[in-house]
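Enquirer: One predicted model, sequence on top.
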Amino acid sequence: MMAEYVVDQTGREKPARADWRECALAGRPVFLLYVHAGTADWSDLWAFFSEQQSEPCGLPALMGLFHTLQSRRQDCDGGAYEGSNSQAALRQWAQFVTEHEELITEERLRDDLAGLLAAGLIETRYFTRVFEVYLEARVAHHMPDALTETDPSPHGWGGGYPGPHGHMPIRWPVRLNHTPFLRDEPWFGSFSQLLERHYSAWNWAYCRALDRGEQVCEAA
């Protein structure tokens, strides 16, 4: 049975007897009503989508809604991120997309985020934050076994090393798990290569979203 909706006295649409999973599959923004009511949260959504055999039609739409809301929350918090609820929510999202690339590719989620940035629905600093957290998840999920034995998962980003050449600002991780991020660590070279490989495409999308022109992107 498909979801049914009614309009309340304020003119807002709300679910009548619908299950939140039906709204999720359809990508209906009314899913937020379930979040506000405490019936479901974003981690429930990622867990539900991870059970699907192919990309759910509603995944891109609700993922865009998720990032729009997280960017606004970060902006309302004055840019604060470390230790916040937004940090935990974004890391849950990153774990989902890296573990289920059969549902949505990096290219698709990157270009969708760039579209949100171009439309002014997310902030530039949020776009770069998503890249950093996404890369954290890539490290944790895709590093060679010899390196993951030390659990090199970045936690917290800062300065200390020159970043890849480009216009999208990023920060190097301060620590990888409980290990200081140092050049003499065995996984430093692999992490640097991983960063360079993914940064190039994200920087291109960043430049195009901000309409800086192809020549500027290529010169970066």
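Expert: Right, received. Where do you want to start?
Enquirer: Please make it C-alpha for all contacts and neighbour counts, starting now.
Expert: Fine.
Enquirer: how is the protein carved up into domains?
Expert: As given by automatic domain parsing, the domain ranges for the chain are 1-40, 41-219.
Enquirer: how many neighbours does the residue nearest to residue 115 when sequence neighbours are not counted have?
Expert: Nearest residue to residue 115 in three dimensions, chain neighbours excluded: residue 209, at 6.6 Å (C-alpha to C-alpha, 6 or more residues apart in numbering). With neighbours defined by other C-alpha atoms under 10 Å, the count for residue 209 comes to 20.
Enquirer: residues contacting residue 209?
Expert: By C-alpha atoms under 8 Å, 6 or more residues apart in numbering, residue 209 lies in contact with 114-115, 117-118.
Enquirer: and residue 57, which of the three is it?
Expert: coil (DSSP: H, G, I helix; E, B strand; the rest coil).
Enquirer: wait, isn't it in contact with residue 26?
Expert: Yes: counting by C-alpha atoms under 8 Å, residue 57 does reach residue 26; the two are 6.2 Å apart.
Enquirer: which residue ranges form the strands in the chain?
Expert: 5-7, 13-15, 157-158, 172-173, 175-176, 179-180 (DSSP state E).
Enquirer: mind checking how far the residue nearest to residue 34 when sequence neighbours are not counted is from residue 93?
Expert: Leaving aside its sequence neighbours, residue 34 sits nearest to residue 40 (C-alpha to C-alpha, 6+ apart; 5.6 Å). Using C-alpha to C-alpha, to the nearest Å, one gets 15 Å for the distance from residue 40 to residue 93.
Enquirer: Give me the pLDDT for the residue nearest to residue 34.
Expert: pLDDT, residue 40: 91.
Enquirer: Got the confidence number for residue 36?
Expert: Predicted confidence (pLDDT) for residue 36: 89.
Enquirer: Same check on residue 205?
Expert: 93.
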